[in-house]
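Undergrad: Pasting a predicted model and its sequence here:
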Amino acid sequence: MDWLLIVTRTLHYAATASLEGMFVFWCFIARTLPERIDRRLIVLGWASWCVALVSGIAWFFVVSSNMSSTPLSGIFGGGVLGIVLMQTQFGNDWQIRAGLLAILAICLALQSGGWKTAARWIGLPISAAFIASLAWAGHGAATEDIPYDVLHLPADLLHLLAAGAWLGALAPLALFFAGVWRDGNAESVAFAGKVTSRFSILGITCVTTLLVTGILNTWFLSGTIPALIGTTYGQLLLLKIALFFSMIAIARINLLKLSPLLERAAHDVSMGISAMRRLCRNASTEASIGFLVLALVGTIGIIPPGLHTEPRWPLPFRIDFAEIAVGAQKIVDVASVLFFLCLVALVVTAERRRYRGMAVSIAALVVCGAIGGIAIRPGIVAAYPTTYFASTQPYSAPSVSRGAPLFMANCSVCHGADGRGDGPLARTLPIHPADLTEEHIFAHKVGDVFWWVSYGLGGVMPGFADHLTPSQRWDVINYVLAHAAGVQAGGVPSQISGAAAPPLPDFAFEISGVQNTLSQTLKKGPVLLVLFAPRISDERLAQLARLRPRLTAAGAQTLAIDAGENDPSSASPLIVNVSGDVRRTLALFRSPQDGGETELMLDRNGSVRARWTAHAGLADEETLSSDAVRVARIRAAAANHAGHGG
């Protein structure tokens, strides 16, 4: 079914662009044409209209089949088509498009009468609206994030309008040249020069619009290098960009070499005829490449954008700027700017055929590249196909709880029950197992860790892809991260600092019969998490209850949890009910020497920013209030748009 959807989308995009380009050509490029050429354009217009009608109906049928999970042969019964047409956004859009297509038919029918000029000017905005309405069938209309809603859809609209005007006008331009150069007279050459000049202005305007809106759309849908080169969507988008620039290269030849020949052909008609032949050939080539571009648009429109899929990194290395010293980063920045300037100089000198300047530019490029390469060398680290994967299992108590027994059964023999690299087989290995409780565990990308767990590391650590499902491997990773975070949280001071903070897993809880989660609570502000076992003192509960209004004013919430296996020993509204999975996970963030109570101040990212224990002394009300205000100022991390491994 996908291939049929791609074909119908491609034909519909091509026909829609052709209709807009036709009216643009009539209204702005060649207002008066010889009758024989005009007839050819009218035939092209009707052919485009018929293709738009048939492909649009076929597209509607295929989408109706997909929406209803019904074979194409079965959509004509049971009211499927009526439901899709009347009760879906897709159907509503198609009703509007059908009305626009009917108006375009009237405009084409009036091309042979006295209403020709008026019909063309009416058809121009109608054909523009017809192609612009395709934006609601693409990714731009599905954007939900602010400010993307404000920018993405308008960028998509302008992109479609510019593409239709430029690509759609190429076929009429080729037909024009094919009809004019056969006349072989000076008047035809002069007329062709005017048409070429007008089309050049149109082309420059449309190409500029396509570049700006294309950059915006690429950022919205494949805004990272991994998403651009590591997903099918991104790779097809790169191919589309390559084809687009090949069209620009041909257009540049037309603008800088062939158009001037027409201007100088007033006394040399043969030169003008030769230029028109080449322009006709180039316009036909551009139109063919443009159709390939539209075929790619028809394809990438039915697959998830790069930011919403898993990027399989194709290179054995990546650049980690965190590994590059600050001074070296500045050198890289300067070298990059100089490299770009030298590249521009090379293009300019090559255009002017100044070979000495070209040689100097090339030498400067080599020097800047070498300096930048040396400075960036420490940041080149190993990478794997899953490096930029995000976990399919959220970093939460259920996943951590599932991962704990899997770790004990598969990993503890080498890494030890506590993950410190002291398992029974550790001494027999040529490379000592890593201590999984140290801070370095958070410096690795989870996609790298997923690869190591799946396929092994260094010829010593075995892979578990044959023994554990992808979800189980992610559960193990979440347990390792939570266990390491619990160990690291033991060293968090009682004062707020800007140092790296260990992350607490998300968990669900119930309070006053209402279900909630830590992540949802953190959206409102910081959280003071009180973990106690076997019971919390009534005095401390009373103190926290008195403090609650002040913490709430600072945006902070207070959650008290019995981290043991006992039921809450108080009816305090601060105490919430949690499952056994949550208790076992949160127990990782306590120690037997905490005196029965640990209090953690969490920022909006769920990271532990301060820690107090009953053994070392709990914070007073003033400290908690001021710390809540300070933690509230720490920004929440941006949403992770990485793909998911599976």
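TA: Nice, thanks for sending it over.

Undergrad: secondary structure element for L600?
TA: Per DSSP states H and E: L600 is located in strand 597-602.

Undergrad: That strand: partners in the sheet, and parallel or antiparallel?
TA: strand 527-532 (antiparallel), strand 608-613 (antiparallel) (DSSP bridges).

Undergrad: For the stretch 501-646 of the chain, just list every one of the strands.
TA: 508-511, 514-517, 527-532, 557-562, 597-602, 608-613, 643-644 (DSSP state E, counting those that start in this stretch).

Undergrad: Now find how far off-centre the host helix or strand of V344 is within its chain.
TA: Secondary structure from DSSP H and E places V344 in helix 326-351. How far helix 326-351 lies from its chain's middle: 28 Å, per C-alpha atoms, centre = their mean, to the nearest Å.

Undergrad: Give the next helix or strand downstream of that helix.
TA: Assigned by DSSP H and E, the successor of helix 326-351 is helix 355-376.

Undergrad: export that following helix as CSV, just CAs?
TA: Provided in CSV are the C-alpha atoms of helix 355-376 (Å, rounded to 0.1, in the frame of the first residue of the first chain):
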residue,chain,number,x,y,z
TYR,A,355,44.3,31.0,-10.6
ARG,A,356,46.8,32.5,-8.3
GLY,A,357,44.0,33.5,-5.9
MET,A,358,42.6,30.0,-6.2
ALA,A,359,46.0,28.5,-5.2
VAL,A,360,46.2,30.8,-2.2
SER,A,361,42.6,29.9,-1.2
ILE,A,362,43.3,26.2,-1.4
ALA,A,363,46.5,26.5,0.6
ALA,A,364,44.6,28.5,3.3
LEU,A,365,41.8,25.9,3.3
VAL,A,366,44.4,23.2,3.9
VAL,A,367,46.1,25.1,6.8
CYS,A,368,42.8,26.0,8.5
GLY,A,369,41.5,22.4,8.1
ALA,A,370,44.7,21.0,9.6
ILE,A,371,44.7,23.4,12.5
GLY,A,372,41.0,22.7,13.2
GLY,A,373,41.6,19.0,12.8
ILE,A,374,44.4,19.0,15.4
ALA,A,375,42.4,21.0,17.9
ILE,A,376,39.3,18.8,17.5
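
Undergrad: Please parse the chain into its domains.
TA: Structural domains annotated on the chain: 2-308, 317-382, 389-489, 508-632, as defined by automatic domain parsing.

Undergrad: can I get these in a markdown table with distance to A501?
TA: In this view, the C-beta of every residue, glycine as well, is placed from N, C-alpha and C. As requested, the domains of the chain are exported to a markdown table (distance: least, C-beta to C-beta, whole Å):
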| stretch | distance to A501 |
| --- | --- |
| domain 2-308 | 25 |
| domain 317-382 | 17 |
| domain 389-489 | 8 |
| domain 508-632 | 4 |
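
Undergrad: With respect to P502, which of the ones you listed lies nearest?
TA: domain 389-489 (3.7 Å; C-beta to C-beta).

Undergrad: Quick check: end-to-end length of the closest one?
TA: 26 Å (C-alpha to C-alpha, to the nearest Å).

Undergrad: tell me the contacts of the closest residue to C411 other than its chain neighbours?
TA: Leaving aside its chain neighbours, C411 sits nearest to V476 (6.9 Å; criterion: C-beta to C-beta, 6 or more residues apart in numbering). With contact set as C-beta atoms under 8 Å, 6 or more residues apart in numbering, V476 has these partners: G403, L406, F407, N410, C411, V453, F464, L468.

Undergrad: The closest residue to the fourth one other than its chain neighbours in helix, strand or coil?
TA: To tie it back to what came earlier, the one meant is N410. The shortest distance from N410 to any non-neighbouring residue, by C-beta to C-beta, 6+ apart, is to F464 (6.0 Å). Classification of F464 by DSSP: H, G, I helix; E, B strand; the rest coil places it in coil.

Undergrad: same question, the one 4 residues further on
TA: Three-state assignment for L468 (three-state DSSP): coil.

Undergrad: From R198, how far out is it?
TA: Between L468 and R198 the computed distance is 65 Å (C-beta to C-beta, to the nearest Å).

Undergrad: hmm, back to that, per-residue confidence averaged over the strand holding L600?
TA: In this model, strand 597-602 has a mean pLDDT of 94.

Undergrad: Just the C-alphas of it, formatted as CSV.
TA: Coordinates of each C-alpha in strand 597-602 appear next as CSV, following Å, rounded to 0.1, in the frame of the first residue of the first chain:
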residue,chain,number,x,y,z
GLU,A,597,15.3,9.4,57.4
THR,A,598,16.8,10.9,54.2
GLU,A,599,15.5,14.1,52.7
LEU,A,600,16.3,15.1,49.1
MET,A,601,15.7,18.4,47.4
LEU,A,602,15.0,17.7,43.7
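
Undergrad: That one to strand 557-562, inter-axis angle?
TA: Here strand 597-602 points in a direction 150 degrees away from that of strand 557-562 (axes from the mean of the first three to the mean of the last three C-alpha atoms, to 10 degrees).

Undergrad: can you tell me which of the contacts of V476 lies nearest to V297?
TA: V297 lies nearest to V453 out of the contacts of V476, by C-beta to C-beta, at 38.8 Å.

Undergrad: Now do the strand holding L600: distance to the chain's middle.
TA: Remark: strand 597-602 is offset 37 Å from the chain centroid, using C-alpha atoms, centre = their mean.

Undergrad: Give me the contacts around that strand.
TA: Residues outside strand 597-602 that contact it (C-beta under 8 Å, 6+ apart) are 489, 492, 496, 504, 518, 522, 526-532, 536-537, 540, 589-591, 608-614, 618-619, 624, 627-628, 631.

Undergrad: Kindly recompute the last result at 6 Å.
TA: Strand 597-602 is contacted from outside by 526-532, 536, 590, 608-614, 627, 631, using C-beta atoms under 6 Å, 6 or more residues apart in numbering.
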